[in-house]
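Chemist: Please find the sequence and the predicted model below.
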Protein chains: 2
Amino acid sequence: MAGEQLSPEMGQLTTNDTQVITSTHNSGVAAAAKLHKTRERARSGKSLLEGAHLLDAALSQNLTIGPIFALPDDRQSADLCNEHELPLTLVTPAVLGRIAATVHPKGPVAVFEIPPFEELATRETLVLAGVADPGNAGALIRSAAAFGFQVAVALNGVDIWSPRVLRAGAGAHFLVRLADLGDDPVSELTEAGLSPQVTVSAGGSWPPPRSQRPAAIIVGNEAHGVDPQITAAAVQTVTIPLAPDVESLNASVAGSLVMYELAWRRNEDSK
Amino acid sequence: MAGEQLSPEMGQLTTNDTQVITSTHNSGVAAAAKLHKTRERARSGKSLLEGAHLLDAALSQNLTIGPIFALPDDRQSADLCNEHELPLTLVTPAVLGRIAATVHPKGPVAVFEIPPFEELATRETLVLAGVADPGNAGALIRSAAAFGFQVAVALNGVDIWSPRVLRAGAGAHFLVRLADLGDDPVSELTEAGLSPQVTVSAGGSWPPPRSQRPAAIIVGNEAHGVDPQITAAAVQTVTIPLAPDVESLNASVAGSLVMYELAWRRNEDSK
């Protein structure tokens, strides 16, 4: 993530269009900025990603991407767009600041079409069931990619396609299989051949119970945990053992630890 | 963390002083609000904590606490202050909003004196060496408390006593042993009888190397990792095995996973 050093002798950027948008009222800029709102993302089916790393990850997945906004001296974005034969829209720092979520944006910022959810596969699964903090949701998706889990999204949590969740996911959104769940997530998981296991702060098993079926690890809201109806329906609960005076771990840490433990066991079993 | 329900028939609050501060220019309010600035915390040796859970955790540790600001209908804070025989300063929502870090503060918000660092003990240690995100630093301190680690703070990271780190720590600041490190952290850790091990995204050992000495797990900056000089001096490195297309985990997840693994091994060894 280190900044690319640009020196004047590197010459002109290779974009054909040298026009730079200077107005934050430009219609394309205004349309992109609106995508910070959950409702506008739901309406348009589009979202925003920020940074060369995320853009690179998205470009590798054949998503529909554009417009892509970058500063005139951003050679890395120019190169990426050239390589994928995509147009680049040059903007001033003030315009980039209007579209970006970060305080001192370096760019690029790109609009992309949110890909459709896939069907639940019969494989180990992380279930986001009310996770509200964008940093936690992103970190969990990142861990799911790292440990070979698919991700299933239940109702009532943060929008996983918000720019902040994408940022915390560090590209993992474009690596994991993503499915969504309806009103009765536990039945859906069970019908897909999975073993639903709810992470709870006390009283669950450790290590996670063994099952013939792949585990579906359910992580709930940071303050309120998993919905009691879901916990009751899931039957199995897991609790990471902690020092007696500590109530709980951060939600992304807890979910990631359970995935790590299951990935490690999977690896040991396959030896 | 569920909100306490107050009904009118519960009667008057038990504070003796029913005066409510309505001005955000009140000198005590202004002094407290300044503590959101790192420099002011360093100058005064004080910080701010927010929420009944954190206040309760701080009160259990005999810290010097006050003033404590709360809304007039906040019975939980009134009860806590009564119990500890501390005065409560009642404020309007607008005044609380000036002091609090959250958007819709429920209170209480309390000023407290930052406790001095302790000496490094010869026991398992988490080293914060450049962790910059308040949520990550707080989650790591929370995990350290959960897995029985002390925390050592090296230069150049986020101020662990910032209100946002305290919030993410969920009270763990008041449970763990906290030490600080100077210019040569690896030498200090080694002299304290510890085995420094740096978390790196590739090329390190897994599981963490065994040593006769307690491990000191060094976690670095989210974007740039651990300072190369520290990594070179530490000799031992650890890397959590990830899927091939995933570069790294969130910093708080990675550090917590290493602590979990060592706590689990400690537990197995003691059987």
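Modeler: Sure thing, it's come through.

Chemist: quick check, the helix or strand containing A:Ala139 touching chain B?
Modeler: Secondary structure assignment for A:Ala139, by DSSP states H and E: helix A:134-146. Yes: Helix A:134-146 is in contact with chain B by Cβ under 8 Å from any Cβ of the partner chain, via A:135, A:138-139, A:142-143, A:145-146. (Glycine included, C-beta is placed from N, CA and C.)

Chemist: And stretch A:165-178, by the same measure?
Modeler: Yes: residues of stretch A:165-178 contacting chain B under Cβ under 8 Å from any Cβ: A:168, A:170, A:172, A:175.

Chemist: picking that back up, kindly reformat the residues of helix A:134-146 next to chain B as JSON lines containing neighbour count, pLDDT and distance to B:Leu189.
Modeler: Putting the residues of helix A:134-146 next to chain B into JSON lines (neighbours: other Cβ atoms under 10 Å in any protein chain shown; pLDDT from 0 to 100; distance: Cβ to Cβ, whole Å) gives the following:
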{"residue": "A:Gly135", "neighbour count": "24", "pLDDT": "97", "distance to B:Leu189": "29"}
{"residue": "A:Gly138", "neighbour count": "25", "pLDDT": "98", "distance to B:Leu189": "31"}
{"residue": "A:Ala139", "neighbour count": "32", "pLDDT": "98", "distance to B:Leu189": "27"}
{"residue": "A:Arg142", "neighbour count": "27", "pLDDT": "98", "distance to B:Leu189": "29"}
{"residue": "A:Ser143", "neighbour count": "32", "pLDDT": "98", "distance to B:Leu189": "28"}
{"residue": "A:Ala145", "neighbour count": "27", "pLDDT": "98", "distance to B:Leu189": "32"}
{"residue": "A:Ala146", "neighbour count": "27", "pLDDT": "98", "distance to B:Leu189": "28"}
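
Chemist: centre of the chain versus the helix holding A:Ala139, how much separation?
Modeler: 6 Å (Cα atoms, centre = their mean, to the nearest Å).

Chemist: What strands flank the helix or strand following it, and is each parallel or antiparallel?
Modeler: Past helix A:134-146, further along toward the C-terminus, the next helix or strand under DSSP H and E is strand A:150-153. With DSSP bridges as the criterion, the sheet partners recorded for strand A:150-153 are strand A:125-128 (parallel), strand A:178-180 (parallel).

Chemist: Tabulate those strands (CSV), appending mean pLDDT.
Modeler: Shown next, in CSV, are the strands paired with strand A:150-153 (pLDDT from 0 to 100):
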stretch, mean pLDDT
strand A:125-128, 98
strand A:178-180, 97
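
Chemist: just those strands: most buried one?
Modeler: For the strands paired with strand A:150-153, average neighbour numbers computed from mean count of other Cβ atoms under 10 Å in any protein chain shown are highest in strand A:125-128, which has a mean of 30.

Chemist: thinking again about what came up before, I'd like to know which of the residues of stretch A:165-178 next to chain B is nearest to chain B.
Modeler: Distances from the residues of stretch A:165-178 next to chain B to chain B were compared by Cβ to the nearest Cβ; the smallest belongs to A:Leu175, at 5.8 Å.

Chemist: Would you quantify the distance from the closest residue to the closest one other than its chain neighbours to A:Met259?
Modeler: Ranked by Cβ to Cβ, 6 or more residues apart in numbering or on different chains and with sequence neighbours excluded, the top spatial neighbour of A:Leu175 is A:Ala145, at 4.4 Å. Computed with Cβ to Cβ, to the nearest Å, the distance linking A:Ala145 and A:Met259 is 10 Å.

Chemist: what do you get for A:Ala152?
Modeler: A:Ala152 sits 13 Å away from A:Met259, going by Cβ to Cβ.

Chemist: Now list whatever residues contact both of the two.
Modeler: Taking Cβ atoms under 8 Å, 6 or more residues apart in numbering or on different chains as the contact criterion, the common neighbours of A:Ala152 and A:Met259 are A:Leu126.

Chemist: Tell me the residues of the stretch 151-271 of chain A that contact chain B?
Modeler: Proximity of the stretch 151-271 of chain A to chain B is confined to A:168, A:170, A:172, A:175, A:223-224, A:240-243, A:245-250, A:252-253, A:256-257, A:260, A:267 under the rule Cβ under 8 Å from any Cβ.
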